[in-house]
Every structure is written in structure tokens, then in C-alpha cells.
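K.L.:
build me a structure from this.
(2 chains)
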Amino acid sequence: MKRSVYSICGMCTVRCPIRVESEDNKVTWIEGNPHLLGGALCAKGSAGVALLEDSQRPQQPLIRVGERGAGQWREASWDEAFAYVAGKLAAIREQYGPESVVLSSRGGPWQDLYKTFIHAFGSPNYTNHDCTCGRNTHHASLSINGVGRKGFAYDIKNAKHLVLFGRDMFSALRLAENHQTLDMLDKGGRLTYVDVRQTMTGVKATRFFQVRPGTDYALALAVIHEVIKRQYFDATFLAAYTSGFEELCRFVDEYTPAWAAKACDVKEKDILAFVDEIGEDRPKVIFHPGWNLARYRDSFYASRAMHILNILMGNIEMAGGLFIPKGAGDVGKKGIRAVDCPKPDIKRGDGVGWEFTHFDKGPGLAHLFFNRMLSEEPYPIKGWIAMRHDPFSGMPDPEKQKRAMSKCDLLVSIDTNYSEFGWFSDVILPESTYLERDTPICQQKGLKPRLAVRRKAVEPKYDTKASWEIFKGLADRLGMDTFFPFATIEEYWAWQLEPTGYTIADFEAKGFVELADKPVFYTPEQLAGKFKTPSGKLEFHSEKLDKVNLPSLKPFASPAAPEKGMFRLVFGRVAIHTHGHTTNNPLLSELMPENTLWINSKKAKAMGVVSGDLVEVSSADQSYRATVAAHVTDFIHPEAVFTVHGFGREIPRQTRNFLAGLSDQKLMIGKLDDWDQAGGGVNLCEVFVRVKKSIRNSKRRAEL
Amino acid sequence: MKKYTIRLNTRRCVACHGCEVHCKTNKSLPVGPMLCDISTTPLKKIGGVPRLEITFSTCRHCDQPLCLPVCPTGAMVKRPDGIVYIDQATCIGCMACANACPWQIPVVNPESGKAVKCDFCMDRLDAGLKPACVSKCATHALKLVELVEA
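P.N.:
Predicted structure coming up:
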């Protein structure tokens, strides 16, 4: 029988809207939702079929029988696996208290499920991957705007100039955002790209700054200096909505373009020409404040500088600028119901909220658990449930993480794929692929807010379950069933939609329900109350930072240069892969089976390395090394080497990516402890590695 | 005279390689054969920005296809609208077509042992749809162009 359903892609966390055709329970066609994306889909999206058909993913619950990490498993029924996990959780709660269990997730729109589960269990320790992603950006936005990272969105399509500091958007592929950027360029708009190397995003740029690694902040300060000097700011907007402008003026006085040119290894005339363009294009200049800025010691301040530039433009809540995403309540509609349980009033195990009072308490900071797990302060952690989160791939130094995790009585991985954490864990609860699972309805905020839902296109190929079924199954066995008052997804959807007046049938026509007919912008009067800072204004100077003895405007400090024979390791992504999530996908591994090491031509020449030669890359302490091909190019800064994240995996059941390429996080020895005290993000690019030409490049022919 | 061609707007293409996978999944091809290809030149600085050229290539659907007369079983067929396709039921996988083609376009499908190549998704065209690579191009950079006599 032929079927067509609208759904939500799950190949990466962009979650593009899709339409899926199937016949006799086989997926025959996946395309981007024609109503929103005109059919557009990326390689990963099409390769979803290969994920679905892949036998190299967990096919039923697995319980460990050998040593942790030894890869010896027994297959279990769901009943048995649920009983096993619930039994262990109950025993931990009994002996150590409920706070001894951590639940980490990848984040996303269904976090209410995971949070409710762990809070109902009695633990405050919900965390997510954001310490290795958007935390610095999030806290930077909170400190200035009083709203978090997602408190603003960008009307790129109507902008005249988009400025991206290392945000490689044409590799990240948020397709709707990409379409906006390409439309803007088609209309003659400008794109300025700043990075330590050239990327596909930079290829599309009208201006490119190849900066010294770790100097984005310096460049942004010089642009602020020059914008203020030339009075390219909106004085009316500044007077109405901001505080601390005079202090900002005094602070940036010394950060001239001539100074920044030296600090960043770029030309002064290029900075001045860039500011000329800003003068022409303002106020419709969007300075993207960063996505994953868990990178350098000053990334929090760099993100603050980018936010400050937007405010100087006065581009808030206008076409071609930044806007506050609207939800149901903002457009006069009732929102959907979500599962919920108040957070238990117990100190968090990562120190957020009591030792670190300036961070958002929501998900805390995952990397801060490990030292505390080893020292058992303020209490022992005895269980870790990773929901579609792979701490060993996403965070530095998996060997140290393993030492901390070894103190646990229970490690559970809930995931569609084997993860590096899952392989080390005690129980793998396999989640159905996104093509085989229904999910709760979610709200997508924007100028035109929507409700959206993922619908399964086919029945599960293996004995796997949807995440909501897994949490409900565990909750039922732990006496927490009242928090999940539904037995089927149809009941769940009906319960969620009840206040809205919509039914699930309203999603049939387009795959989503639009809550507004046209884009909603706030009036200047409405905007005044939207910044949740102490003063209600956009604050260049933050009292919240004063209270923890952190500067609001931090002087730039030049980053350390690598020692001889070493390079700063910079990681990134590529359009074909979603990190380790897809490197074992047959169709994507075919396109890119391994990563390489990008190295500057002059540095490579000095080492006698040409493109394609094997190079050995090792951690500073030489405890991890891998050999990969060199990609020699002029278009990476000489201090840096670059590699694509998601490779160098060591899961024998994933045969296609097993030991293929280089793992950046395994090179980051000791780097769980190198993090941004102001922003909370891990400094993932404050890592130096050794690189030498591999002895495996022998040109002799010794064999027949 | 051929009726169709596929054009890449290189200003919009971001070399995401989506088209290659859209094609493969639509044709249910295993790892190995690729019926279209996105390739890029090395980066070169032009006007201060390192840039590259992107090329989309697939079967040219020649007006006088060299692959057609060499096929010993008549499996290579040219339709009146110019689409050159391989009749899978008749193909014996000898790959004479690939040797005759200046660009070695036909490739072996290791699962069937037969030759495969781009047919502009003629089943989709006949149903009023666009080829898979065009329909799903991530940035709407690929377009199906209908050729008209000047």
C-alpha cells in the first residue's frame, strides 16, 4: 500500500520538515516539505533510508555481560530491559538518593520528556550537550539582552549584509536559513565571513577575513571602535533601549583597526573597507552572534561583541534584522500542553546554581560533573542515562570521562545508533529511527509560529521503540506513571492539543499548523518590555557579571602561539555528515569515509608534506595518535590545523567507520577542565597537537 | 533533437552532494555506482576571496549517442524526447557502452551486474515530476531545462 506522511527529519538536529512516501512498509521517497522547503533536502536527509535499512545499529535492547567497553552483550526483551534499568535505578535511589542519577540529552524540542522523567525520579541533574555548543552564545545573549540564544532569530532574507564569525552555515545546512542567505545574495546582499580557514560559506562570501585563530574578538572590537568613531550607530535606538554606551565608547577607544590588523593577521584597509560597507548597508546588517562558540577562552566576550554590533545597528525587531521569535501566546493563541515536573530542590551535582551562580540553571554544564564524580562532591553520582547524547564523542578527553563513569553502578544509552558512550555502557535501549517513530507535537517559534509533529512513515524494522515509549516504560515501572498520563501517541497528541482547539487531523494537509497568517513584529512600545535584564534595557554593562567579579567589557588578550612542531587544533563539520551520527551510514560514508588534516602550505612544505601524504597527529601528551592524509592548502592559518569532527570511532559493530580517520576529542587530553568561566562553554579550540610526517609514507616496494 | 538538460546555478550550489544521494536513493542503488557528480576545483583567490568552481555532470543524452550502436542486445534506447536509457531487462552488463562513451558514463550496478546511468528520472518526468536531483536540490540550484529549437 502506498502512503505519504509529513514529518520531521532526524538526520541532524536542524530537524527540517519533510514528506515521506512509502510502499508496503518500505520508504520509497523522502523530500523536504514542499510547503516550506520546496522539496529541498540534503544528502543526509536522503540517506535516511540507509539508516533505516542499516543492520549496524542496535536491533533490540542489549545488556552488557563482559567488562565495560569489551563489547560483549546479551539481547534482552523490552520487558526485561525496562525491569533491569528500573531495578538498578531504584537501588541507586535507595542507597545514595535520587540526585545520584544524571540524565544528559542532545537537547531539542522534546526535552520536556527527559526533564520530567529525571525530575520525577527525584534528581535535579538534567543536563545536555550545550557546554560543547551554544552555552557561551546563550550566556552572552542573556547578559546583554536578558533573553537566551534562541531569544533572537534573524531575518536574513531581507538583510543587506550578513556577517558570520566562523559560522560555516553551508556545512551546517539549516536549509531554510541557507535559502534566506542565498536569496539575500541573489538580491545583491553582502556576506562577510571570518574564519581561520576557508569554508563553503566563505566561498559564497563577498568578503573574507582569514584570521589568526582565537582573534575573532579583536576583529569585532575594532569594528565596534570604527562604527562608533564614524557614528554608524542608531542614536535614537541606543537612547531608548540601551544602557552603558559611554562605558563602551571608552573601552573600545584603544582597539583601532590598525591594532586589530596586527592582532588578527589581516589588513587594516580591509577592515576599513568592511566598515565602509556597514555604513552603506546599516541598519540591515546582521552580525550572527555565533552557534557553537565553545571554542576559545574569550568566545563568550566575542559573542557579546557581536551582540553589541547588532544593537549599535539598531536592527532589533525589524525586517532585515534580528527579531524575537513569537510563540502561540504572542499571537493570541493558546499553546500546547507539555509534560512537566518541578525540579527537585536539591543542589545540582555540577555546581551550577550554587557554586556557579551566574549560569542558566536549566541544563547546567555537563563537563563539570566529571571532577565531582571522581571526588564524590557534593555527593556521589551512581547512574548516567544518555538520551541521544554521546558524551565520549561530544566532549573532550573520553578517557577521563570513562574514569569518572566507572564509579557509576548504571550507565544507559538511549540512541538509534551505537555511540562511543553506548558501547561502554551497561544497557543500550535502542530508539527507532525518525522514519519509524512518532514524537510529541512541538512548537516552532518564529515570525509566524507553527506547531509541528513527526509521524512515522513505516513500522520499526527491528525491536526498537520511540523515545516517549521508552521514558513512559521506565516511568511506569518506577511508579511515576502519573507524570505521563497517556498510553498511546494518539492520546498523547490529544492531551497536548486539548487547550489549543486543534486536533491531529489539522496536521494532515501540510504537516504543520500555522498559528499566524503573516509575520508578527513587535511595535517599539511592545519591544520595550521584552528584555529581561535587571534594568529592562539592553545592557552593555552587566551587573550580573559584576556580582561574580567578571568584567562586562574584557580587554583582549592575544592567544598563545603553538610551540615548534605543534599546531592549534580546530574542528568543524562538512555538509555530508552529522558528526559521528552519520559516519557509519553506507551512503554518506561512501561520499566521505575518512577525515583529513588541513595544514597550511608553508608549514607543510617545511615538513616535506604534500597533499595526500600521511601525517601522524598526536595529543600533547602523546597518549592518543592517529594517522590521516594531509590536505595542504594556503587557506588555513599557519598556526592551525583543521579536521572534521565525528571520525576516529572505535565501535567494532560499526564496520564502515571503525578507526577511520582522526578523533579531535581524543586529542583533547585534560581539556574537560579548560572552560570559559564567564560563558560556561568548553574551550574546544584551546588544544595544541603534534603533527609530523608519517613513517608510513614509504615509497619502497618491498613486497612482490 | 533532445528536449531536456539539467543546469546548475553555481551561484546557489554549495556542493553539498545532495543530488548524488537523491539520485542513488531514488534508483535504489547500492554503494558503488553514482549516476551524477558534483566536483569542485581547488580553492583560488579571486578578488580577495578564495573561491572554487563547481561542476555538475551526468549523462549528456547525446543527440548521436556513441553508446547506442555498440550495445549488442539493443538495451540502450533513445526516446523521441532525446532521453537515452538502458533497458534493464535486456542489458547483459557487457559494458561496451561505457567503453564507447567519451566520459565513461554508464557504470555497473554490482547488485544486478548490469549497466546503469542517468535517465533524467524518465518515470518521474512521465508522471509530471522533476528528476530526483532537481526536485530535492538542497538550495534549488539544479534546474531541469526544456530546450526549444532556435
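K.L.:
the longest helix in chain B is where?
P.N.:
Criterion DSSP state H: the longest helix present in chain B is helix B:18-26.
K.L.:
identify the residues contacting it?
P.N.:
Here helix B:18-26 makes contact (Cβ atoms under 8 Å, 6 or more residues apart in numbering or on different chains) with A:29-30, A:41-43, A:45-47, A:49-50, A:575, A:587-588, A:591, B:29, B:33-38, B:56, B:118, B:121, B:124, B:131-133, B:135-138, B:142. Placement of C-beta: from N, CA and C, glycine included.
K.L.:
stretch A:86-106 now?
P.N.:
A:13, A:111, A:114, A:117-118, A:121-129, A:344, A:346-347, A:349, A:366, A:369, A:379-389, A:391, A:409-410, A:426, A:474, A:477-478.
K.L.:
list the contacts for the most centrally placed residue in chain B?
P.N.:
Centroid check for chain B by Cα atoms, centre = their mean gives residue B:58 as the closest residue, at 3.1 Å. Residue B:58 makes contact with B:6, B:35, B:36, B:37, B:105, B:118, B:133, according to Cβ under 8 Å, 6+ apart.
K.L.:
keep only those of those that are in helices.
P.N.:
Using DSSP H, the members of the contacts of residue B:58 that fall in helices are residue B:133.
K.L.:
farthest pair within the contacts of residue B:58?
P.N.:
Greatest spatial distance among those (Cβ to Cβ): B:105 and B:133, at 14.8 Å.
K.L.:
how many neighbours does the closest residue to residue A:674 other than its chain neighbours have?
P.N.:
The spatial neighbour of residue A:674 that comes closest, neighbours along the chain excluded (Cβ to Cβ, 6 or more residues apart in numbering or on different chains), is residue A:683 at 4.7 Å. For residue A:683, the count of nearby residues is 22 (other Cβ atoms under 10 Å in any protein chain shown).
K.L.:
hang on, residue A:683 packs against residue A:300?
P.N.:
No. Using Cβ atoms under 8 Å, residue A:683 is not in contact with residue A:300, being 10.2 Å away.
K.L.:
tell me, what's touching the two both at once?
P.N.:
Taking Cβ under 8 Å, 6+ apart as the criterion, residue A:683 and residue A:300 both touch residue A:676.
K.L.:
now do the contacts for residue A:637.
P.N.:
A:196, A:197, A:210, A:211, A:212, A:213, A:265, A:600.
K.L.:
thought the last one was touching residue A:633?
P.N.:
Yes. Counting by Cβ under 8 Å, residue A:600 sits close enough to residue A:633 to count as a contact (7.2 Å).
K.L.:
list the buried ones in whatever helix or strand residue A:401 lives in?
P.N.:
Under the criterion of DSSP states H and E, residue A:401 resides in helix A:398-405. Neighbour counts over helix A:398-405 (16 or more other Cβ atoms under 10 Å in any protein chain shown) mark A:398, A:400, A:401, A:402, A:404, A:405 as buried.
K.L.:
which bits of chain B sit near chain A?
P.N.:
For chain B, the residues in contact with chain A (Cβ under 8 Å from any Cβ of the partner chain) are B:11-12, B:14-18, B:20-22, B:24-26, B:30-32, B:42-43, B:45, B:48-52, B:135-140.
K.L.:
which of those count as buried?
P.N.:
If we count by 16+ other Cβ under 10 Å, these have these buried: B:12, B:14-18, B:20-22, B:24-26, B:43, B:49-52, B:135-140.
K.L.:
nearest to chain B: which residue in the stretch 451-600 of chain A?
P.N.:
Residue of the stretch 451-600 of chain A nearest chain B, by Cβ to the nearest Cβ: residue A:575 (3.8 Å).
K.L.:
run a quick neighbour tally on that residue.
P.N.:
Residue A:575 is flanked by 22 other residues according to other Cβ under 10 Å.
K.L.:
help me confirm that it comes into contact with residue A:45.
P.N.:
No. Contact criterion Cβ under 8 Å: residue A:575 and residue A:45 do not qualify, at 11.1 Å.
K.L.:
before we move on, which element is residue A:571 in?
P.N.:
strand A:566-572.
K.L.:
need the contact list for residue A:189.
P.N.:
Applying Cβ under 8 Å, 6+ apart, the residues contacting residue A:189 are A:159, A:160, A:161, A:162.
K.L.:
do you know how far it is from residue A:157?
P.N.:
9 Å (Cβ to Cβ, to the nearest Å).
K.L.:
okay, and the common contacts of the two?
P.N.:
Common contacts of residue A:189 and residue A:157 (Cβ under 8 Å, 6+ apart): none found.
K.L.:
distance of residue B:89 from residue B:113?
P.N.:
Taken as Cβ to Cβ, the span from residue B:89 to residue B:113 is 13 Å.
K.L.:
now do residue A:32
P.N.:
34 Å.
K.L.:
equivalent analysis for residue A:205, please.
P.N.:
Distance check for residue A:205 against residue B:113: by Cβ to Cβ, it reads 47 Å.
K.L.:
neighbour count winner among the two?
P.N.:
residue A:205 (24 against 10).
K.L.:
pull the number of nearby residues for the residue lying closest to the more buried one once chain neighbours are set aside.
P.N.:
In this structure, residue A:205 finds its nearest non-sequential neighbour in residue A:193, 3.9 Å apart by Cβ to Cβ, 6+ apart. As a burial measure, residue A:193 scores 26 neighbours (other Cβ under 10 Å).
K.L.:
ok, residue A:193 touching residue A:210?
P.N.:
No. Residue A:193 lies out of contact with residue A:210 (Cβ under 8 Å); the separation is 9.4 Å.
K.L.:
just confirm residue A:692 is within a strand.
P.N.:
Yes. Judged by DSSP: H, G, I helix; E, B strand; the rest coil, residue A:692 forms part of a strand.
K.L.:
for the nearest residue to it once chain neighbours are set aside, list the residues it contacts.
P.N.:
Computed as Cβ to Cβ, 6+ apart, the closest residue to residue A:692 that is not its neighbour in sequence is residue A:616, at 5.5 Å. By Cβ under 8 Å, 6+ apart, the contact set of residue A:616 is A:625, A:626, A:627, A:690, A:691, A:692, A:693, A:694, A:695.
K.L.:
again, only this time at 6 Å
P.N.:
By Cβ atoms under 6 Å, 6 or more residues apart in numbering or on different chains, the residues touching residue A:616 are A:625, A:627, A:692, A:694.
K.L.:
domains of chain A?
P.N.:
A:79-133+A:348-450+A:463-501, A:153-323+A:523-547, A:566-697 (automatic domain parsing).
K.L.:
distance between the first one and the chain's centre?
P.N.:
Centre-to-centre, domain A:79-133+A:348-450+A:463-501 and its host chain are 17 Å apart (Cα atoms, centre = their mean, to the nearest Å).
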